[in-house]
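Participant: structure for the following, please:
(2 chains)
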Amino acid sequence: MDLSRRWLQDYVDIEGVSDKEFADKITLSGSKVESYAKEGEELRNIVVGQVLTLERHPDSDHMWVTDVNVGKEAPIQIVTGAQNLTVGDYVPVALDHSVVHGGKEIVAGKLRGVESNGMLCSLAELGLTAHDFPYAIEDGIFMLGNDCDKTPGKDIRDAIGLNDTVTEFEITPNRPDCLSVIGLARETAVTFGKTLKLPDARYETKGENVRDYLHDVTIHAPDKCYRYAGAVVKNVRIKPSPKWVRERLRASGVRPINNIVDITNFVMLEYGQPMHAFDLRFLEGGVVNVRNAAEGEHITTLDGEDRALSPEMLVIADAAKPVAVAGIMGGEYSGIMDDTATVVFESACFNGVSVRKTAKKLGMRTESSGRYEKGLDSDGCRRSLDRALSLIALLDAGDVVDGVIDVYPAPKQQTVLDFCPDWVNGFIGIDVSADEQKRILEALDFEVKDGKIYVPSFRGDVEHKADISEEVARFYGFDKIGTRDLSGAAAGGFNEAQKFENLIVKTCMALGMSEVATYSFVSPKVYDKICLPENSPYRENIVISNPLGEDTSVMRTTALPSMLDVVARNYNNRNLKESFFEIAKVYNPRGTEELPYEQLTLVLAEYGEGTSYYTLKGKVEALLAAAGVNEYDVLPMKTAASYHPGRTALITTDGRELAILGEVHPDVLENYDIGTRVYAAQIDFDLLYEIGNTVRTYKRLPRFPALTRDLAFVCDKSLPVLTIEKLMKKAIGEILEHIELFDVYEGVQVGPFKKSVAFSLTLRGKDRTLTDEEANAAVSRAVNAAAAVGAILRA
Amino acid sequence: MKEQLERLRAAALAEITESGDLSALEAVRVKFLGKKGEITGILKQMGKLTPEERPVMGQLANAVRQAVEEAVENAADALKEKQKALRLESETLDVTMPGTPAAIGHRHPLSIVLDEVKDIFIGMGFQIADGPEVEWDYYNFEALNIPEGHPARDTQDTFYITEKMLLRTQTSGCQIRYMEGHKPPIRMIAPGRVFRSDPVDATHSPLFHQIEGLVVDKGVTMADLKGNLLTLAKKLYGEDTQIRLRPHHFPFTEPSCEIDVSCFRCRGKGCPMCKNEGWIEILGAGMVHPKVLERGGIDPEVYSGFAFGLGVERLAMFRFNVDDMRLFYENDARFLKQF
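Facilitator: Below you'll find the predicted structure:
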């Protein structure tokens, strides 16, 4: 909302308040100023001048040499190429070292040998168009009319009224009343303790009766049209509006057209009420029907587009056809033309939701629809219509026919609230007297009487005493409210799950991995990229019905693609060796009647020199140890589609899948254009938390010495080391304190398809020093156990 | 014999001095003091002496032996010292060469800021709550006083799954969910991801993070809101930070405000960061709307509360001087490792 300071001043006198002070104070009372700017701010050193002489340039057949009175002792000589000058004209003169629109600097110089001390300006050089000064031409010098101050030497901005300040407001959707000059003038008046002066909306009519022209108005859809008021103006005299109307429209960002159109725009800006003017000639039958569009109906709107209407859309129709899409845009013949003689003015109130849905469906948002969408005040229709008619009279734009057709099936009920100043004080934490609260409310046009507050119709946002407290608080001043610390102790802090998450994050970082943050939505193509089979359950995902694009159109069921994107980007950016983690949410659908299961997964990935399946596995093992998960099984996993069949493991606990880790499948890497091996792990974080144990208790340090024995076996190359280890553990029993694989060898020494594996066993008794005999017996149990799977002790 | 002893002493001392290393020294020791050594040999001949000569010569022989032993010991010590010095010398490193790289994991900058805010609120007795990201329309809009057709729905371009299921556009739904499960007094913050269909650019992302806060108790006023959020501002930006409340509108709070902090770069004097205003907006807040309390099962005639929300990306951009939000989601290691 762009507000003209000049227009504001018509209704509330804040002369002497600087633009900055206005912006600051009105912002702090609740109308947020985004910015403000003076019109013509870029113009420098341009003044009014009078053309005293006009002679042909001696060396040019199209240039003129003039002497111009610019209010100084002597006139100045200027050379111009303009052809529309006559002696005596008043024109804008850009003096030596001046700046015109667009930032161009003008300096004195010679034009074909003749001295020129400035430049005569056109409208464009002042940043204006013929809409702003309809009597001027656009391709010549702007000759000031009688609506300008013609004092030579006067700053051109002041002379032609290009000196308003435009303040841009961000109006919140609850205050459609502030999308108007009057609404903001009311806020201004209360903020600065001034009186609001409303415009005079009285007018004289020229007899006859509105129904002689507009025979009837019928609302067929009272759920979508709350009120429709229509009036008629005959003998319309289309001409430009006077300067005071034009400059107020210009400052508000609206282009002046002609008096009738300008009046509809003027009232819309002034009161916030969109208006429409129909040419009665094109209103078949002289009737208005506010109805739903019929199936298959079309309308060509003012912008020349053909629009297919559907039955939930509200239209303004005459006896035969739609003439406007209600509250959005008129039909092609509904507009005002040069030969328009009789006009029907519409001031109506339509249902905001209906207008929004229609505007959205037709893809046409207009100034009018934007206002209706926010919910307008049906009580205000008549006042705005009266104001429009008074402007018709004032501007002599036509003759107002007596009477208004005002269809208002269910007038709005006034909201009445209890006046409870003590509650307001208690709720906000202030101490403002009842009298002062009453004063604030009355200044805002609330009526306070007998312990009740009568809410004005344009304040549809006020419906509860909490709303009243806001009115009091913002004009009392948010800055005057005290500050108080929360009192009383409260049991704050992380819960167990949050602490666990913190622990895992810290562990990941201690392991040298950096945290990443990736989008929750992905492209449905990622499942192909990670080579999931067609029937993979991961392909069943939550689909966004109105995505920004395919890339972000489904909620991920696996976070592996997000991580691979990160790896790919880093690899392409020549980051040679990286290690990443993310605790990521995946979204497992559970139908339309239940929200998805939002599961946390811990995703790890690393690549680059020195990384391998085993470096990643070491990190996974460390994480499991940190989580207190010590009992788990590791199985070779040959069928995970995204992973290398020979270099992938599944980690399970009690038969439940806890994690998958391995080298990413070369096909997947190719899909991501990654030219190096990548190792990744996906850990079910929710399961990890469930089985994790972060309770730590001290175990007494050993008091008896340990015995160590090293054993080397030869076995089939395919025999998992873990199998031998488990068998030995079981065979030795509790005196086995620790078992460690310290060497694996394949080669000529052990023969083809064989490998040598060497373990170091640490044996210790809890309550005694073990004898050599005990240790030897344990070792031979281990050797026998290993032999059962073909692992033979090396000689 | 006496001359013999003196000669041996002189010879031994000379040879000790000459021995250049420990093995040569040991050879000298064996030569003179060993079982078959020359001095030992003299001592063995003591029996041949007369009883008068024996004590005199014995004394002399012992003195010589002691002197040689001592000399051997001293020479050994000196040699060991010399060897150690040589070893240390030979082990000299170029201490200016870089250390072996040790991998350090980095916390994501958004998490760093989030942790900081959590820490501040935990210090004030808050709990950390959570809510689903795929949410019902009810929690995201209805229960927050934003019914179907409300213009506020337009300002938050929503991703829909079905008519009733959506990606939450704000963490505010956590207020309702928390009130449903907890009775006052309530002090909670709920950080999390939110989604809006804003195309990606330097200051917009279809996914970003918010932190919701809620305090409900008897007698909570706007003064508590101001005090609490002033504390947050001071903890984030320093003790001399000021806050400014501007009236605003949120459907689920009344009164509502936006909160500016005095610019932490220029301390309020005006600079490019605060666009010469001296203030930077960081928060939205307000008194919880009585209807919202009711929907959370809390009697607004007995309890009141305040709520607030802040954007994590915005805080992080200010904190780390990041000028492009996309960096947070690109996860380039060169970016991540700066934090």
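Participant: name the nearest residue to the residue in the stretch 251-400 of chain A that chain B sits nearest to, sequence neighbours excluded.
Facilitator: Closest to chain B within the stretch 251-400 of chain A is A:V353: 3.5 Å, counting by C-beta to the nearest C-beta. Every residue, glycine included, has its C-beta placed from N, CA and C. Spatial nearest neighbour of A:V353, excluding adjacent residues (C-beta to C-beta, 6 or more residues apart in numbering or on different chains): B:G149 at 3.5 Å.
Participant: hmm, A:R356 and the one you found touching each other?
Facilitator: Yes: at 7.4 Å, B:G149 counts as touching A:R356 under the criterion of C-beta atoms under 8 Å.
Participant: which of these two has more residues huddled nearby?
Facilitator: For B:G149 versus A:R356, the count of surrounding residues by other C-beta atoms under 10 Å in any protein chain shown is larger for A:R356: 22 against 15.
Participant: and that one, helix, strand or coil?
Facilitator: Assigned by DSSP: H, G, I helix; E, B strand; the rest coil, the conformation of A:R356 is helix.
Participant: what's the burial count for the residue lying closest to it once chain neighbours are set aside?
Facilitator: Once flanking residues are discounted, A:R356 sits nearest to A:E373: 4.3 Å by C-beta to C-beta, 6+ apart. Neighbourhood size, A:E373 [other C-beta under 10 Å]: 26.
Participant: show me the strands in the stretch 1-150 of chain A, by range?
Facilitator: Counting by DSSP state E, counting those that start in this stretch, residue ranges of the strands within the stretch 1-150 of chain A are A:2-4, A:32-38, A:44-56, A:64-69, A:76-80, A:90-99, A:105-106, A:109-111, A:114-116, A:118-120.
Participant: report all helices and strands that the fifth one contacts.
Facilitator: Same thing as strand A:76-80. On a contact count with 3 or more C-beta pairs under 8 Å, 6 or more residues apart in numbering or on different chains; DSSP states H and E, strand A:76-80 meets strand A:64-69, strand A:90-99, strand A:114-116, strand A:118-120.
Participant: deepest of these, which one?
Facilitator: Among the helices and strands packed on strand A:76-80, strand A:118-120 has the highest mean neighbour count (mean count of other C-beta atoms under 10 Å in any protein chain shown), at a mean of 26.
Participant: distance from the chain centre to that strand, please.
Facilitator: In terms of C-alpha atoms, centre = their mean, to the nearest Å, the centre of strand A:118-120 is set 46 Å apart from its chain centre.
Participant: other SSEs contacting that strand?
Facilitator: Using 3+ C-beta pairs under 8 Å, 6+ apart, strand A:118-120 is in contact with strand A:64-69, strand A:76-80, strand A:90-99.
Participant: quick one: mean pLDDT for that strand?
Facilitator: Mean pLDDT, strand A:118-120: 95.
Participant: run through who's touching that strand.
Facilitator: Residues external to strand A:118-120 that are found in contact with it (C-beta atoms under 8 Å, 6 or more residues apart in numbering or on different chains): A:49, A:66, A:68, A:70, A:76, A:78, A:80, A:82, A:85, A:91-96, A:98, A:100, A:106, A:108, A:125, A:141.
Participant: need the contact partners of whichever helix or strand comes after it.
Facilitator: Using DSSP states H and E, the next helix or strand after strand A:118-120 towards the C-terminus is helix A:156-160. Contact partners of helix A:156-160, identified using C-beta under 8 Å, 6+ apart, comprise A:39-40, A:43, A:46-48, A:92-93, A:121, A:126, A:133, A:144, A:148-151, A:162-163.
Participant: put the buried members of these into a PyMOL selection.
Facilitator: Buried members of the contacts of helix A:156-160, defined by 16 or more other C-beta atoms under 10 Å in any protein chain shown, are picked up in PyMOL with:
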select buried, chain A and resi 39+40+43+46+47+48+92+93+121+126+133+144+148+162+163
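Participant: partner residues bridging residue 217?
Facilitator: This is for chain A. Here A:V217 sits in beta bridges with A:V288, as judged by DSSP bridges.
Participant: wait, chain B
Facilitator: Where B:D217 sits in a bridge, its partners, by DSSP bridges, are B:S304.
Participant: how far does stretch A:586-596 stretch from one end to the other?
Facilitator: Counting by C-alpha to C-alpha, to the nearest Å, you get 9 Å between the two ends of stretch A:586-596.
Participant: now that stretch: buried residues?
Facilitator: A:V586, A:Y587, A:N588, A:P589, A:L595, A:P596.
Participant: closest to A:N776 out of the helices and strands packed on strand A:76-80?
Facilitator: Closest of the helices and strands packed on strand A:76-80 to A:N776 is strand A:90-99, at 102.8 Å (criterion: C-beta to C-beta).
Participant: helices or strands up against that closest one?
Facilitator: Packing contacts for strand A:90-99, counted by 3+ C-beta pairs under 8 Å, 6+ apart, involve strand A:44-56, strand A:76-80, strand A:105-106, strand A:118-120, helix A:156-160.
Participant: helices and strands around the third one, which ones?
Facilitator: In other words, strand A:105-106. strand A:90-99.
Participant: just how off-centre is the strand it packs on within its chain?
Facilitator: Offset of strand A:90-99 from its chain centre (C-alpha atoms, centre = their mean): 44 Å.
Participant: partners of it, with directions?
Facilitator: Partners of strand A:90-99, by DSSP bridges, with direction: strand A:44-56 (antiparallel), strand A:105-106 (antiparallel), strand A:118-120 (antiparallel).
Participant: following the lowest-mean-pLDDT helix or strand in chain B, which helix or strand shows up next?
Facilitator: Least confident element among the helices and strands of chain B, by mean pLDDT, DSSP states H and E: helix B:152-155 (a mean of 67). Using DSSP H and E, the helix or strand that follows helix B:152-155 towards the C-terminus is strand B:165-167.
Participant: check which helices and strands that following strand is in contact with.
Facilitator: So strand B:165-167, by 3+ C-beta pairs under 8 Å, 6+ apart, packs with strand B:134-136, helix B:137-140.
Participant: give me the domain ranges for chain B.
Facilitator: For chain B, automatic domain parsing gives the domain ranges B:2-90, B:109-336.
Participant: can I get the one helix or strand B:G284 maps to in PDB? Just the C-alpha atoms.
Facilitator: According to DSSP H and E, B:G284 maps onto strand B:279-288. Coordinates of each C-alpha in strand B:279-288 appear next as PDB, following Å, rounded to 0.1, in the frame of the first residue of the first chain:
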ATOM      1  CA  TRP B 279      17.500  -2.500  14.200                       C
ATOM      2  CA  ILE B 280      17.300  -6.000  12.800                       C
ATOM      3  CA  GLU B 281      14.100  -8.100  12.900                       C
ATOM      4  CA  ILE B 282      14.700 -11.600  14.300                       C
ATOM      5  CA  LEU B 283      11.500 -12.800  16.000                       C
ATOM      6  CA  GLY B 284       7.800 -12.900  15.800                       C
ATOM      7  CA  ALA B 285       5.900 -13.200  19.000                       C
ATOM      8  CA  GLY B 286       2.700 -12.500  20.900                       C
ATOM      9  CA  MET B 287       0.300 -13.500  23.700                       C
ATOM     10  CA  VAL B 288      -1.200 -16.800  22.900                       C
END
